[in-house]
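**Q** below are the sequence and a predicted model; questions follow.
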Amino acid sequence: MPDTLPDLLNAVLAFRDERHWAQFHGLKHLMVSLCLEAAEVLELSQWKSDAETDALPLSPEGYEALSDECADVFAYLLLIADKANIDLGAALRRKLAKNALKYPIEKSIGRREKYSQL
Ligand SMILES: [Mg+2]
C-alpha cells in the first residue's frame, strides 16, 4: 500500500525528533529551507539546455539527483504544513478550485498568459 501524507509526515517528524532538531524548525527557518531546496532542484538545470534538462531523469544519476531534491522540498513542505496546521490535500483542492475560476478552460486552453491577461 502506498504511503499516505500522514505516514510521510510521521517519518519526517521521527527523523527530526530523533535528532532533537525541532528546536531549529521555526516557521521562518522552514520557509527559508523550502526555498533553498527548491533552488537545489533548479540548480540541476543550471547551464543545461531545455533538452538536456528534460533528459535529466532518464539517466540513473540524474533521476537520483532530481528525486533527492524533490524529496527535500517535499519534506520541508510537510514540515511547514504541520507547523501551520495546514491540511495539504485540502489546501491543494481549494487552490485548484480557485485556479479553475481564474483560468476557465474556454479562455485558457492552449494559452500561457497570466489570468489577468486572458
Ligand atoms: Mg537538497
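**A** Received it, and whenever you're ready, just let me know what you need.

**Q** and the pLDDT for Gly62?
**A** If you check Gly62, the pLDDT there is 98.

**Q** Arg111 and Val41, how far apart?
**A** According to CB to CB, to the nearest Å, Arg111 stands 26 Å off from Val41. Bear in mind the C-beta positions are built from the backbone N, C-alpha and C, glycine included.

**Q** ok, these two, which is more surrounded?
**A** Legend: neighbour count by other CB atoms under 10 Å for Arg111 and Val41, higher for Val41 (15 against 10).

**Q** mind checking what secondary structure that one has?
**A** helix (DSSP: H, G, I helix; E, B strand; the rest coil).

**Q** contact residues of this protein facing the ion?
**A** Counting by CB under 5 Å from the ion, the residues of the chain close to the ion are Glu37, Glu40, Glu69, Asp72.

**Q** could you redo the last one with a cut-off of 8 Å?
**A** Leu36, Glu37, Glu40, Asp68, Glu69, Asp72, Val73 (CB under 8 Å from the ion).

**Q** ok, and the closest non-adjacent residue to the one residue in the chain that gets nearest to the ion?
**A** Proximity of the chain to the ion (CB to the ion) peaks at Asp72, 3.8 Å away. Distance criterion CB to CB, 6 or more residues apart in numbering; nearest residue to Asp72, sequence neighbours excluded, is Glu37 at 4.0 Å.

**Q** now do the contacts for Lys83.
**A** Shown in contact with Lys83 (CB atoms under 8 Å, 6 or more residues apart in numbering): His25, Leu27, Leu30.

**Q** repeat that with 7 Å
**A** Applying CB atoms under 7 Å, 6 or more residues apart in numbering to Lys83 gives the contacts Leu27, Leu30.

**Q** give me the pLDDT for it.
**A** In this model, Lys83 carries a pLDDT of 98.

**Q** fine, thanks again, bye for now.
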